[in-house]
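Peer 1: starting from these lines, generate the structure:
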Amino acid sequence: QTYLGDGTGTITLHGAQVTKANWAGPYTKTTTASVDTGNIRSVVPQSQNLFLQSADPSHTSWTKTNATHALNAVAPDGTTTADTFTDTNDGGLTYHYDYQTLTSISLGVVHTISVIAKAGTKSWINLFGQTGPANLYGYFNLATGVVGTTNATASRITSIGAGWYKCEITYKPTASGAVG
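Peer 2: Numbers count the residues shown, from 1 in each chain. Presented below is the predicted three-dimensional model:
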């Protein structure tokens, strides 16, 4: 799903996360360092998030393309810690995104990328992970709660209430690269 940016299209985001597992696990907020306290596939839930500044996509650790952010929205837990993602008026460019290039990706190990998101004036979101020469991705409709086009190993969308959805893609990287 792509569209021409008009400078007003929005989606609200909260809790970006990358884990080394076939599921996202509980959200772990990060700041200046990633968190990896063990195998989240174990019986006792562990904390893991390879993103830096996972709760602040306006931070410089995120590369932004044709998008702006404002930490000004109410998150699912009622705090004002969610982020309003707004496309730019780009005069015809079709992609609006942010990502991080992660060096902590383990090649040949299953990873899951997730974000909690809510539709604004736009309803589609795309998660992607580089796997070498190609990207694996999943599109999610935040208005209907349906997974769209995907080529990831697995793609899931789960309602968490009040219009918020947890979107996830699972893939096995063959090269380090951008994740968003």
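
Peer 1: if the residue most central in space within the chain is in a bridge, with which residues?
Peer 2: Most central in the chain under CA atoms, centre = their mean is Val115, positioned 4.1 Å from the mean C-alpha point. With DSSP bridges as the criterion, Val115 is bridged to Cys167.

Peer 1: how about the helix or strand Gly138 falls within: buried residues?
Peer 2: Assigned by DSSP states H and E, Gly138 falls within strand 135-141. Using 16 or more other CB atoms under 10 Å as the test for burial, strand 135-141 gives Asn135, Leu136, Tyr137, Gly138, Tyr139, Phe140, Asn141. To be clear about C-beta, it is placed using only N, CA and C from the backbone, and glycine gets the same treatment.

Peer 1: got those as TSV, with pLDDT columns?
Peer 2: Listed next are the buried residues of strand 135-141 as TSV, based on pLDDT from 0 to 100:
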residue	pLDDT
Asn135	79
Leu136	84
Tyr137	88
Gly138	91
Tyr139	92
Phe140	93
Asn141	94
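
Peer 1: ok, of those residues, which one's closest to Ile125?
Peer 2: Nearest to Ile125 among these: Phe140, at 5.1 Å, using CB to CB.

Peer 1: what about that closest one, distance to Gln53?
Peer 2: 22 Å (CB to CB, to the nearest Å).

Peer 1: what does Thr32 give?
Peer 2: Distance from Thr32 to Gln53, by CB to CB: 7 Å.

Peer 1: who has more neighbours out of those two?
Peer 2: For Thr32 versus Gln53, neighbours defined as other CB atoms under 10 Å are more numerous around Gln53 (18 against 8).

Peer 1: which residues sit in contact with that one?
Peer 2: Thr30, Thr31, Thr32, His59, Ser61, Trp62 (CB atoms under 8 Å, 6 or more residues apart in numbering).

Peer 1: just the buried members of the residues you listed?
Peer 2: Thr30, His59, Ser61, Trp62.

Peer 1: can you redo the residues you listed as JSON lines with secondary structure and distance to Phe85?
Peer 2: Shown next, in JSON lines, are these (DSSP: H, G, I helix; E, B strand; the rest coil; distance: CB to CB, whole Å):
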{"residue": "Thr30", "secondary structure": "coil", "distance to Phe85": "18"}
{"residue": "His59", "secondary structure": "coil", "distance to Phe85": "13"}
{"residue": "Ser61", "secondary structure": "coil", "distance to Phe85": "16"}
{"residue": "Trp62", "secondary structure": "coil", "distance to Phe85": "11"}
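
Peer 1: identify the farthest-apart pair in the residues you listed.
Peer 2: Thr30 and Trp62 (12.0 Å).
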